[in-house]
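Asks: The sequence and its predicted three-dimensional model are supplied below.
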Amino acid sequence: MSLRHFLRMSQWGRNPPSERRVKLVFGAILVCLGIVGVEYMGWWPEWAESQPRKLKP
């Protein structure tokens, strides 16, 4: 780990994020995991899938 990571951790130790921000981050992570789970199970609708583009040479 670099010095920058240690400085960031010390700042978070002195001034931790609010409970609301922690809940927001965990909520966003849960939504993402839910979408991944639905897609993995095959329950994602066809209309919501993106069409792959062909790259121009």
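Replies: On my side now, so go ahead. Residues are numbered from 1 along each chain as shown.

Asks: low pLDDT regions in this protein?
Replies: The chain contains residues with pLDDT under 70 at 57.

Asks: Now for the residue nearest to the spatial centre of it: which residues touch it?
Replies: Against the mean C-alpha coordinate of the chain, by CA atoms, centre = their mean, the closest residue is residue 29 at 5.1 Å. With contact set as CB atoms under 8 Å, 6 or more residues apart in numbering, residue 29 has no partners. For the C-beta atoms, the positions are set from N, CA and C on the backbone; glycine is no exception.

Asks: what helix or strand is it on?
Replies: Using DSSP states H and E, residue 29 maps to helix 19-41.

Asks: So for that helix, what gets flagged as buried?
Replies: When neighbours are counted by 16 or more other CB atoms under 10 Å, no buried residue of helix 19-41 is found.

Asks: Return the distance of residue 42 relative to residue 31.
Replies: Distance, residue 42 to residue 31, using CB to CB, to the nearest Å: 19 Å.

Asks: what kind of secondary structure is residue 11 in?
Replies: helix (DSSP: H, G, I helix; E, B strand; the rest coil).

Asks: Let me know how buried it is, in neighbour terms.
Replies: By other CB atoms under 10 Å, 10 other residues sit near residue 11.

Asks: ok, now residue 44?
Replies: By other CB under 10 Å, the residues close to residue 44 number 14.

Asks: Looks like it contacts residue 34 (just checking).
Replies: No - with contact defined as CB atoms under 8 Å, residue 44 does not reach residue 34; the gap is 11.2 Å.
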